[in-house]
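Asks: sequence and predicted structure are below.
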Amino acid sequence: MEDNTFVSYTRAQKKQMRADRKRIFHVVEHFDFISVIEGSPVQLFDGYVVSDVETHELFASFEFQNLSQKEIARLHIRLLLFKDLENVPYQKIPFTYSYRNLSWGLRRMPELERQKGKKAREPVNIRITEYFGNASFIKLPESYFKKIKLELMAVEYADGEIQNLGIIVSNGVKRVADLGDEEVYAYSKLNIYSEAEQYYPTSYVPQVTEHAWLCCCGSKNLISDDICPRCGRDREWQVTHISEAALTEKVASLKRESDKQLVDKTHFSGYEKEQTEEEKQEKMREYEKVLQRVAEDERRNEHRKMMIIPKILIFFGAMLLLIYILQNI
């Protein structure tokens, strides 16, 4: 099989995908993908390696968001597995997300989440801004591997257009807190969104790409959104003021005014530091709860399907009994 061919699934594989949802998983590893991916119409929101608690099989699960201007019919990806310090993957695992393959996983629309209790029927294709892929599991080999990389191969849009990507995902985001105490203090002097800090603290240096942009609050937004829907900050203002160059210039300006203003600003607490190990573990535990709910829902659905035939038999039995009684009155 050539590298650029896409995987298709047999009926047995589709049955296995349904069975996977009933499994109970333990989260082994969490991938923290904050950056927006340059040149990609889909953005990676989250990723996990999980283990079946009974069989100990390993799976990868990723959640994406459609931040293009079109609906998506298929997303083709590939997992690259590496051993130790090798730079060449020893195994490549292709995978396709689509409605036909039953691999969209759990789907959610941001605007519907804000309207509590409102549900809508899911269409075949992935809508603009829709999340997908959560709890869609990619089987990993039992053989030892040290590192996993995710490659975005191609996107097929609902209108038939195919966009080849060939992008290996990497996380190059910069945190504001890592720029230095002087820069953090300088930003506090520039910040016109101080009220937003309580709920959506400035955490990242914003990024802007062709299809999407990363807000300083961590939200990934459509490039057509001038204002972040999550925190209300203006994109252009962020790009102008939350950058290493802009903050370095502001630090120099403050020093010229008074060197005393920049003495011991390590106590400044308005900005998020890197996640602690405890916070990472808590996120992994929350994802395990999500997968457990998925398993319980899948088992309930299967039980309801199994009860359909007995209910039909009971109904027709009751009808025949009623007809017999009426005929013999």
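Replies: Sure, I can see it.

Asks: CA only for contacts and neighbour counts going forward, please
Replies: Will do.

Asks: burial count for the residue nearest to Glu57 when sequence neighbours are not counted?
Replies: Using C-alpha to C-alpha, 6 or more residues apart in numbering and skipping the chain neighbours, the partner closest in space to Glu57 is Ser51 (5.5 Å). By other C-alpha atoms under 10 Å, 20 other residues sit near Ser51.

Asks: okay, now the sheet partners of the helix or strand hosting Ser51, with direction.
Replies: Ser51 belongs to strand 42-52 when assigned by DSSP states H and E. Its sheet considered, strand 42-52 pairs with strand 25-31 (antiparallel), strand 58-66 (antiparallel) by DSSP bridges.

Asks: buried set for it?
Replies: Val42, Gln43, Leu44, Phe45, Asp46, Gly47, Tyr48, Val49, Val50, Ser51 (16 or more other C-alpha atoms under 10 Å).

Asks: so for Tyr204, what's the pLDDT?
Replies: Listed pLDDT for Tyr204 reads 92.

Asks: burial check on it, number of neighbours?
Replies: Tyr204 has 24 nearby residues by other C-alpha under 10 Å.

Asks: right, and it touches Asp178 too?
Replies: No - contact between Tyr204 and Asp178 fails when scored by C-alpha atoms under 8 Å: they sit 9.3 Å apart.

Asks: do me a favour and get the end-to-end distance for stretch 56-72?
Replies: From its first residue to its last, stretch 56-72 covers 33 Å (C-alpha to C-alpha, to the nearest Å).

Asks: same question, stretch 97-104
Replies: Start-to-end span of stretch 97-104 (C-alpha to C-alpha) is 6 Å.

Asks: how many neighbours does Asp178 have?
Replies: Counted with other C-alpha under 10 Å, Asp178 comes out at 15.

Asks: over to stretch 81-100 now: how far is its first residue from its last?
Replies: Stretch 81-100: ends 27 Å apart by C-alpha to C-alpha.

Asks: same check on stretch 107-125?
Replies: End to end - C-alpha to C-alpha - stretch 107-125 spans 11 Å.

Asks: and if you look at stretch 12-28?
Replies: Terminal residues of stretch 12-28 are spaced 27 Å apart (C-alpha to C-alpha).
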